[in-house]
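>>> sharing a model that was predicted from the sequence below.
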Amino acid sequence: MNPHLSLVNICAVSLLALSMSGCNADKKAAPAAAPAAAAPVAVDPGLVTPPPAVVARITVAPLANHLVSDVLRVAGQVDFDERRIARIGSTVTGRVVEVKQSLGSAVQAGDVLAVLNSAELGQAQLAYLKARSQATLEQRNVERAKLLLSADVIGTAELQRRESAWEMAQAEHRAAADQLKVLGMSEAALKRIAQTGNIDSLKPVTATSAGIVVERNVTQGQVVIPSDPMFTIADLSHLWVVAEVPEQQAAGAKIGQDVAIEIPALGGEQVGSRLVYISDTVNPQTRTVLVRTAVENKQRRLKPAMLATMLIATEAVPRLAVPAAAVVRENNQDYVFLQLKPGQFKLIEVRLAPEVSGLRPVISGIKLGDPVVVDGAFHLNNERNRQALEGA
């Protein structure tokens, strides 16, 4: 046997043994593989299982129909009560010599607002005095004619002629007096002119009703004519609120319906009233119908031209609705709690109409008979948020 081949075989066997022992050592040194992690269990954030103390504060009731009125929200404004407003001008042409009242002044009927100097008035008074004097003269001529007729100095025809002239003079006297009344003179002023024979060309412009001067369109020295409006006086203790209802919704408005008027300038404060007028025609430009309410304004907090929103409640009809206390408002969305089983509840997103008399009509999200938390939803939602925070 070749000694060199035997040595090679021995070395090969030794190397094989060493490699096998190293592999066994590596197998023993390798750590055990870690067990796979369990998959996380998803938790519904809308579910809540409150403790008994919270459950005791909750009331659950099946969703039911309620008599609910629709509310028409229409834009409007505060306006003058046209039955309590007076626009005052002069009855004669003249020059303003004095202005006695300013904007915002409170006046009573008969108070002098301004004084005019009117040549027209003076001429009319002169014509009245002439007509009165002529009528007096013709009356005396008739009386003298009667005496002459009885003395057979004149004939009957002359008496009749003088009587006719007297009747004509009386008619002219009455016409001149009526003209002065048209120009604004009173009976007392006429008697004073007749007694004194003095012509007074000064014409006072007086208030025809009590109220507040809301417009003044004259200044001292201005010439005015009868068609010029000089002052506007309004009783602000009673006002109107007018609004334009779209023609598609006009059928829901009825005279006598309750109306809430929301005034933004008063912080959204609402004033109660009733519809007193609904127009019989449609505005062809805006396709709306004018409606009107009357409101008391004793404290004068409301002012004409203030913006307003008119809330008109229509006839009540059965509608699916939840109490306003049952609604949870989050992220500009409405939610309610449904009872899944005793002691477990779920937050459900819903679509609801605006609140009417403490109720929110249901548009979608829940149906008739669903067990809804109608009281205590606030406490239940706090518990849901607490449990979600602890779970996180």
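Noted; the coordinates are in hand.

>>> what strand or helix carries residue 123?
For residue 123, the host element (DSSP states H and E) is helix 119-150.

>>> cool, and residue 165?
helix 156-182.

>>> just confirm residue 48 contacts residue 340, I think it does.
No. At 10.0 Å, residue 48 does not count as touching residue 340 under the criterion of Cβ atoms under 8 Å. No exception for glycine: its C-beta is placed from N, CA and C like everyone else's.

>>> need the overlap of contacts for those two.
The contact sets of residue 48 and residue 340 overlap at residue 346 (Cβ atoms under 8 Å, 6 or more residues apart in numbering).

>>> pick out whichever of those two has more residues nearby.
Comparing residue 48 with residue 340 by other Cβ atoms under 10 Å, the one with more neighbours is residue 48, at 23 against 13.

>>> who does the more buried one form a beta bridge with?
Beta-bridge pairing for residue 48 (DSSP bridges): residue 345.

>>> next one, pLDDT for residue 295 please.
Looking at residue 295, its pLDDT stands at 94.

>>> kindly report the same for residue 36.
At residue 36, the pLDDT value in this model is 48.

>>> do residue 269 as well
Per-residue confidence at residue 269 stands at 88 (pLDDT).

>>> quick check: beta-bridge partners of it?
Beta-bridge partners, per DSSP bridges, of residue 269: residue 263.

>>> does it really touch residue 263, like I thought?
Yes. Taking Cβ under 8 Å as the definition, residue 269 is a contact partner of residue 263 at 5.6 Å.

>>> so for those two, which sits in the more crowded spot?
More neighbours surround residue 263 than the other of residue 269 and residue 263, with 20 against 11 (other Cβ under 10 Å).

>>> residues touching that one, list them.
Residue 263 sits next to 78, 269, 270, 271, 302, 306, 307, 308 when contact means Cβ under 8 Å, 6+ apart.

>>> next step: those restricted to strands.
78, 269, 270, 271, 307, 308 (DSSP state E).

>>> what about the fourth one, neighbour count?
One way to gauge burial is a neighbour count; for residue 271, by other Cβ under 10 Å, it gives 19.

>>> for the residue lying closest to it once chain neighbours are set aside, helix, strand, or coil?
Spatial nearest neighbour of residue 271, chain neighbours left out: residue 261 (4.5 Å); criterion: Cβ to Cβ, 6 or more residues apart in numbering. Under the three-state scheme (DSSP: H, G, I helix; E, B strand; the rest coil), residue 261 adopts strand.

>>> before we move on, back to that, helices or strands up against the helix holding residue 165?
The contact analysis (3 or more Cβ pairs under 8 Å, 6 or more residues apart in numbering; DSSP states H and E) places helix 156-182 against helix 119-150, helix 187-196.

>>> retrieve the pLDDT associated with residue 200.
What the model reports as pLDDT for residue 200 is 85.

>>> again with residue 274
Predicted confidence (pLDDT) for residue 274: 91.

>>> in this structure it contacts residue 292, no?
No. With contact defined as Cβ under 8 Å, residue 274 and residue 292 do not form a contacting pair (10.4 Å).

>>> of those two, who's got more company?
Using other Cβ under 10 Å as the criterion, residue 274 and residue 292 rank with residue 292 on top: 21 against 12.

>>> isn't residue 65 right up against residue 318?
Yes. With contacts counted by Cβ under 8 Å, residue 65 reaches residue 318, the gap being 4.3 Å.

>>> the more surrounded of those two?
Higher neighbour count among residue 65 and residue 318: residue 65, with 13 against 10, using other Cβ under 10 Å.

>>> and that one, how far from residue 327?
Note on residue 65: its distance to residue 327, by Cβ to Cβ, to the nearest Å, is 17 Å.

>>> repeat for residue 353
11 Å.

>>> which neighbours do these two share?
Common contacts of residue 353 and residue 327 (Cβ under 8 Å, 6+ apart): residue 360.

>>> related to what we said a few turns ago, next, the angle from the helix holding residue 123 to helix 156-182.
Relative orientation of helix 119-150 versus helix 156-182 (axes from the mean of the first three to the mean of the last three Cα atoms, to 10 degrees): 160 degrees.

>>> okay, angle between helix 119-150 and helix 187-196 too, please.
Going by the same axes, to 10 degrees, helix 119-150 is angled at 60 degrees with respect to helix 187-196.

>>> buried stuff in helix 119-150?
Buried residues in helix 119-150, counted by 16 or more other Cβ atoms under 10 Å: 120-122, 124-125, 127-129, 131-132, 134-135, 138-139, 141-142, 145.

>>> what's the answer for stretch 67-79, then?
68, 69, 70, 71, 72, 74, 76, 77, 78, 79.

>>> report the separation between the nearest residue to residue 84 once chain neighbours are set aside and residue 317.
Ranked by Cβ to Cβ, 6+ apart and with sequence neighbours excluded, the top spatial neighbour of residue 84 is residue 235, at 3.8 Å. Residue 235 sits 40 Å away from residue 317, taking Cβ to Cβ as the criterion.

>>> before we move on, what about residue 166?
Taking Cβ to Cβ as the measure, residue 166 falls 80 Å from residue 317.

>>> which one's more surrounded, those two?
More neighbours surround residue 166 than the other of residue 166 and residue 317, with 21 against 11 (other Cβ under 10 Å).

>>> list the contacts of the more buried one.
Applying Cβ under 8 Å, 6+ apart, we find residue 166 in contact with 135, 138, 139, 141, 142.

>>> could you check the pLDDT of the last one?
As summarised for this prediction, residue 142 has a pLDDT of 90.

>>> same question, residue 330
Note on residue 330: pLDDT of 89.

>>> could you do residue 355 as well?
84.

>>> which residue packs closest to it, ignoring adjacent ones?
Nearest non-adjacent residue to residue 355 (Cβ to Cβ, 6+ apart): residue 324, at 5.2 Å.

>>> can you give me the neighbour number for that neighbour?
So residue 324, with other Cβ under 10 Å, has 13 neighbours.

>>> same question, residue 373
For residue 373, the neighbour count with other Cβ under 10 Å is 25.
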